[in-house]
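Asker: Can you look at this prediction? I've put the sequence above it.
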Amino acid sequence: MSMQVYKVVHSAAARNIYKLRKHAREDPNCAPPGGPLQSSSCQLALRQLPKEVYDLKWDIVVVDRPSGDKPELPGRMAVIYTASLIARARKETEVLVHDVNRMVEKWFSWEFLCAENIISSKDNLWHFRIRWNSSSKSFCSNATIQIL
(Lines give C-alpha, C1' and ligand atoms only; values in the text may rest on other atoms or scores of the structure.)
Protein backbone atom coordinates (compact mmCIF):
# COMPACT_ATOMS: atom_id res chain seq x y z
CA MET A 1 0.00 0.00 0.00
CA SER A 2 1.27 3.47 -0.78
CA MET A 3 0.19 6.96 0.10
CA GLN A 4 0.46 10.08 -2.03
CA VAL A 5 -0.04 13.55 -0.60
CA TYR A 6 -0.34 16.71 -2.68
CA LYS A 7 -0.27 20.23 -1.33
CA VAL A 8 -2.93 22.54 -2.74
CA VAL A 9 -2.63 26.31 -2.93
CA HIS A 10 -5.91 27.87 -1.80
CA SER A 11 -6.82 31.26 -3.16
CA ALA A 12 -10.55 31.91 -2.60
CA ALA A 13 -11.28 33.61 0.70
CA ALA A 14 -13.88 31.98 2.93
CA ARG A 15 -16.01 35.14 2.66
CA ASN A 16 -16.73 34.19 -0.99
CA ILE A 17 -18.83 31.19 0.07
CA TYR A 18 -22.16 32.63 -1.13
CA LYS A 19 -20.84 33.85 -4.49
CA LEU A 20 -19.07 30.56 -5.25
CA ARG A 21 -22.05 28.44 -4.16
CA LYS A 22 -24.36 30.48 -6.40
CA HIS A 23 -21.90 30.15 -9.30
CA ALA A 24 -21.71 26.36 -8.88
CA ARG A 25 -25.50 26.03 -8.84
CA GLU A 26 -26.04 28.22 -11.92
CA ASP A 27 -23.11 27.32 -14.19
CA PRO A 28 -23.75 24.08 -16.11
CA ASN A 29 -19.96 23.60 -16.36
CA CYS A 30 -19.91 22.93 -12.62
CA ALA A 31 -22.40 20.04 -12.79
CA PRO A 32 -21.20 16.44 -12.77
CA PRO A 33 -19.89 14.50 -14.47
CA GLY A 34 -18.39 17.43 -16.39
CA GLY A 35 -15.27 17.23 -18.47
CA PRO A 36 -11.67 17.06 -17.34
CA LEU A 37 -11.06 19.15 -14.23
CA GLN A 38 -7.86 20.60 -15.69
CA SER A 39 -9.83 22.38 -18.43
CA SER A 40 -13.05 23.08 -16.52
CA SER A 41 -14.41 26.62 -16.67
CA CYS A 42 -16.11 26.19 -13.27
CA GLN A 43 -14.58 28.71 -10.86
CA LEU A 44 -14.41 26.01 -8.17
CA ALA A 45 -12.34 23.53 -10.16
CA LEU A 46 -8.73 23.19 -9.05
CA ARG A 47 -6.97 23.14 -12.42
CA GLN A 48 -3.30 23.28 -11.42
CA LEU A 49 -2.79 20.08 -9.48
CA PRO A 50 -0.18 17.54 -10.58
CA LYS A 51 -1.34 15.39 -13.51
CA GLU A 52 -1.33 12.27 -11.27
CA VAL A 53 -4.12 13.73 -9.12
CA TYR A 54 -6.48 13.81 -12.10
CA ASP A 55 -5.31 10.52 -13.65
CA LEU A 56 -5.45 8.24 -10.60
CA LYS A 57 -8.62 6.62 -9.30
CA TRP A 58 -8.46 7.45 -5.60
CA ASP A 59 -9.63 5.15 -2.78
CA ILE A 60 -9.63 7.91 -0.16
CA VAL A 61 -9.57 11.70 -0.39
CA VAL A 62 -8.93 13.77 2.75
CA VAL A 63 -9.93 17.44 2.93
CA ASP A 64 -8.08 19.34 5.63
CA ARG A 65 -6.46 22.78 5.51
CA PRO A 66 -6.21 25.67 5.05
CA SER A 67 -7.39 27.00 8.37
CA GLY A 68 -10.20 29.06 6.76
CA ASP A 69 -11.50 30.03 10.17
CA LYS A 70 -11.68 33.76 9.33
CA PRO A 71 -13.53 35.35 6.38
CA GLU A 72 -10.36 36.78 4.84
CA LEU A 73 -8.42 33.50 5.00
CA PRO A 74 -8.54 30.93 2.18
CA GLY A 75 -11.45 28.53 2.43
CA ARG A 76 -11.95 24.94 1.32
CA MET A 77 -14.76 25.56 -1.17
CA ALA A 78 -12.74 24.60 -4.27
CA VAL A 79 -11.09 21.67 -2.51
CA ILE A 80 -14.41 20.11 -1.47
CA TYR A 81 -15.86 20.64 -4.95
CA THR A 82 -12.78 19.14 -6.63
CA ALA A 83 -12.65 16.24 -4.15
CA SER A 84 -16.28 15.45 -5.00
CA LEU A 85 -15.45 15.19 -8.71
CA ILE A 86 -12.28 13.20 -8.09
CA ALA A 87 -14.35 10.79 -5.96
CA ARG A 88 -16.89 10.42 -8.75
CA ALA A 89 -14.21 9.36 -11.23
CA ARG A 90 -14.34 5.97 -9.54
CA LYS A 91 -17.28 3.73 -8.72
CA GLU A 92 -16.76 4.16 -4.96
CA THR A 93 -14.47 6.52 -3.04
CA GLU A 94 -14.21 7.51 0.60
CA VAL A 95 -13.97 11.26 1.35
CA LEU A 96 -13.09 12.62 4.79
CA VAL A 97 -13.76 16.28 5.57
CA HIS A 98 -12.34 17.88 8.71
CA ASP A 99 -13.75 20.94 10.53
CA VAL A 100 -17.36 20.39 9.46
CA ASN A 101 -18.42 22.49 12.43
CA ARG A 102 -17.63 25.53 10.23
CA MET A 103 -20.07 26.94 7.68
CA VAL A 104 -17.84 26.58 4.59
CA GLU A 105 -17.04 22.93 5.22
CA LYS A 106 -20.59 22.03 6.23
CA TRP A 107 -22.36 23.79 3.34
CA PHE A 108 -19.97 22.69 0.63
CA SER A 109 -19.92 19.11 1.94
CA TRP A 110 -23.73 19.04 1.85
CA GLU A 111 -23.75 20.62 -1.62
CA PHE A 112 -21.17 18.40 -3.34
CA LEU A 113 -20.62 15.30 -1.18
CA CYS A 114 -24.27 15.08 -0.04
CA ALA A 115 -25.89 14.23 3.27
CA GLU A 116 -27.11 10.87 1.95
CA ASN A 117 -23.46 9.82 1.51
CA ILE A 118 -22.39 10.40 5.13
CA ILE A 119 -21.56 7.03 6.62
CA SER A 120 -20.10 8.25 9.91
CA SER A 121 -19.21 11.36 11.86
CA LYS A 122 -17.09 11.94 14.91
CA ASP A 123 -16.61 15.37 16.43
CA ASN A 124 -15.61 17.66 13.53
CA LEU A 125 -14.94 14.91 10.98
CA TRP A 126 -17.42 13.62 8.40
CA HIS A 127 -16.84 10.42 6.46
CA PHE A 128 -18.59 10.17 3.09
CA ARG A 129 -18.82 7.19 0.77
CA ILE A 130 -19.38 8.42 -2.76
CA ARG A 131 -20.94 5.84 -5.07
CA TRP A 132 -21.22 7.31 -8.50
CA ASN A 133 -23.78 6.66 -11.17
CA SER A 134 -22.31 8.08 -14.38
CA SER A 135 -25.75 8.90 -15.78
CA SER A 136 -26.49 11.28 -12.89
CA LYS A 137 -26.50 15.00 -13.70
CA SER A 138 -26.51 16.24 -10.11
CA PHE A 139 -24.32 15.77 -7.08
CA CYS A 140 -27.10 14.86 -4.64
CA SER A 141 -30.51 13.25 -4.84
CA ASN A 142 -33.47 15.59 -5.17
CA ALA A 143 -34.48 14.79 -1.58
CA THR A 144 -31.14 16.03 -0.27
CA ILE A 145 -31.16 19.17 -2.39
CA GLN A 146 -34.63 20.15 -1.16
CA ILE A 147 -33.55 20.19 2.50
CA LEU A 148 -30.60 22.51 1.85
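Answerer: Here it is on my side, so go on.

Asker: which residues of this structure score low on pLDDT?
Answerer: Within the chain, the segments meeting pLDDT under 70 span 1, 65-68, 142-148.

Asker: Helices along that one, start to end?
Answerer: 17-26, 51-55, 77-87, 103-112, 142-147 (DSSP state H).

Asker: Figure out how far the third one is from the centre of its chain.
Answerer: Think helix 77-87. In terms of CA atoms, centre = their mean, to the nearest Å, the centre of helix 77-87 is set 3 Å apart from its chain centre.

Asker: For it, which helices and strands make contact with it?
Answerer: Under the contact definition 3 or more CB pairs under 8 Å, 6 or more residues apart in numbering; DSSP states H and E, helix 77-87 sits against helix 17-26, strand 60-63, strand 92-98, helix 103-112, strand 125-131. Glycine gets a C-beta too; all of them are placed from N, C-alpha and C.

Asker: Of all these, which one comes closest to Pro32?
Answerer: Proximity to Pro32 (CB to CB) singles out helix 103-112 among these, at 8.8 Å.

Asker: Turn the helices and strands packed on helix 77-87 into TSV, including mean neighbour count and distance to Val9.
Answerer: Below are these laid out as TSV (neighbours: other CB atoms under 10 Å; distance: least, CB to CB, whole Å):
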stretch	mean neighbour count	distance to Val9
helix 17-26	15	16
strand 60-63	17	15
strand 92-98	18	18
helix 103-112	21	17
strand 125-131	18	24
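
Asker: My guess is Glu92 contacts Phe128. True?
Answerer: No - using CB atoms under 8 Å, Glu92 is not in contact with Phe128; the gap is 10.8 Å.

Asker: now the helices of the chain as JSON lines including distance to Gly35?
Answerer: Listed next are the helices of the chain as JSON lines, based on distance: least, CB to CB, whole Å:
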{"stretch": "helix 17-26", "distance to Gly35": "15"}
{"stretch": "helix 51-55", "distance to Gly35": "11"}
{"stretch": "helix 77-87", "distance to Gly35": "10"}
{"stretch": "helix 103-112", "distance to Gly35": "17"}
{"stretch": "helix 142-147", "distance to Gly35": "23"}
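
Asker: Fine, thanks again, bye for now.
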